[in-house]
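A.B. asks: Below is the structure, and that's it, no one-letter string:
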């Protein structure tokens, strides 16, 4: 960051020093900083009007920010550049057919080694023997190279336990370590744990959530969401540590029912943390949709146990299976 500011200071200094020369140079477009994924193609553009003959257009590159070495290439030529830094393929294009000098710097198959500072600009003629940032006059753009994490990540697990989810109430009160891990990614994505839709913990690379199971966790999904610049869309994984299915049973007030009798059916439901609702069906049909079916329903909640009483009057459904 300090090097970038020093470049800007050098630009202002050189602008004042060469003010009588640069008043005839009008740059209408400078290169813009960009973040792009590895193996993609990126282009930087400049447009220059009425270049002064005492200045020469160049592309300035600093492949390793913080290094004092400065490289440049003449911008008024169309050339292919082969770099020996394990980077992508660099090329420049120059066009002045419209009277406006249009400069392009293109990198195909972008690599991390290409990350750095890029700009078009102009240096005074004659060209100094040793070109450094002090000889350069122009705006600076930054190239950031992104790499997504591995496709199978993030990964969620409950450490120390092979059989998840737990399916009986003996697991209630058990302390758990819920681990979310991501590999790869540049920059490293952020990881956030959610209990249902509520955020409960966040971190990077490895996110550990310590949680004590309670009855309220039955059937609850804990999800870990990865987000950041290295991801085109957020990705996630999830785990449900506790999954105890509810139970239900039906008893009748009479073991034998004939037409016209009143009968009471009782449905007992038990589940964690509780049964929120019991629904009645007769041959798969809700009682309220049946014609000439007289009934009343009474519901009762006691702790985790729920009772629902279906009273049928003048039953014409003696042979129907309840």
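C.D. replies: Cool, got the structure. Keep in mind the model is a prediction, meaning the values are calculated, not measured.
A.B. asks: so residue 113, which of the three states?
C.D. replies: Taken by DSSP: H, G, I helix; E, B strand; the rest coil, the conformation at residue 113 corresponds to helix.
A.B. asks: now the stretch 51-200 of the chain, which segments are flagged as low pLDDT?
C.D. replies: In the prediction, the stretch 51-200 of the chain carries residues with pLDDT under 70 at positions 51-54, 62-87, 127-138.
A.B. asks: hmm, try it at 90
C.D. replies: 51-106, 113-141, 151-152, 159-171, 197, 199-200 (pLDDT under 90).
A.B. asks: And the helices in it?
C.D. replies: Per DSSP state H, counting those that start in this stretch, the stretch 51-200 of the chain carries no helices over any range.
A.B. asks: Would you map the strands across it?
C.D. replies: When secondary structure is read from DSSP state E, counting those that start in this stretch, the stretch 51-200 of the chain shows strands at 55-62, 71-74, 79-81, 89-95, 101-108, 116-124, 141-149, 155-158, 175-181, 184-186, 190-195, 198-204.
A.B. asks: can you tell which of the ones you listed is closest to residue 218?
C.D. replies: Each of the strands of the stretch 51-200 of the chain was scored for nearness to residue 218 using C-beta to C-beta, and the closest is strand 190-195 (12.6 Å). All C-beta spots, glycine's among them, are computed from the backbone N, C-alpha and C.
A.B. asks: Could you break the chain into its assigned domains?
C.D. replies: 2-146, 155-239, 247-313 (automatic domain parsing).
A.B. asks: Mean neighbour count added to those domains, as CSV?
C.D. replies: Formatted as CSV, those follow (neighbours: other C-beta atoms under 10 Å):
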stretch, mean neighbour count
domain 2-146, 16
domain 155-239, 16
domain 247-313, 14
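A.B. asks: could the strands of the stretch 51-200 of the chain be laid out in CSV, adding distance to residue 248?
C.D. replies: Putting those into CSV (distance: least, C-beta to C-beta, whole Å) gives the following:
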stretch, distance to residue 248
strand 55-62, 71
strand 71-74, 76
strand 79-81, 74
strand 89-95, 68
strand 101-108, 64
strand 116-124, 66
strand 141-149, 44
strand 155-158, 29
strand 175-181, 29
strand 184-186, 47
strand 190-195, 27
strand 198-204, 30
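A.B. asks: and residue 43, that one's in a strand?
C.D. replies: Yes. With three-state DSSP as the criterion, residue 43 is assigned to a strand.
A.B. asks: residues touching it, list them.
C.D. replies: Residues near residue 43 by C-beta atoms under 8 Å, 6 or more residues apart in numbering: 104-107.
A.B. asks: now do 10 Å
C.D. replies: For residue 43, the contact set (C-beta atoms under 10 Å, 6 or more residues apart in numbering) comprises 31, 34, 91, 93, 104-108.
A.B. asks: of all those, which comes closest to residue 313?
C.D. replies: Top of the list for closeness to residue 313, among the contacts of residue 43 and by C-beta to C-beta, is residue 34 at 76.0 Å.
A.B. asks: so what's the closest one up against?
C.D. replies: Contacts for residue 34 (C-beta under 10 Å, 6+ apart) come out as 40, 42-44, 110, 118, 141-145.
A.B. asks: now do 8 Å
C.D. replies: 42, 44, 141-144.
A.B. asks: quick revisit: go through the strands of the stretch 51-200 of the chain and name the closest to residue 282.
C.D. replies: Among the strands of the stretch 51-200 of the chain, strand 190-195 comes nearest to residue 282, with 38.4 Å by C-beta to C-beta.
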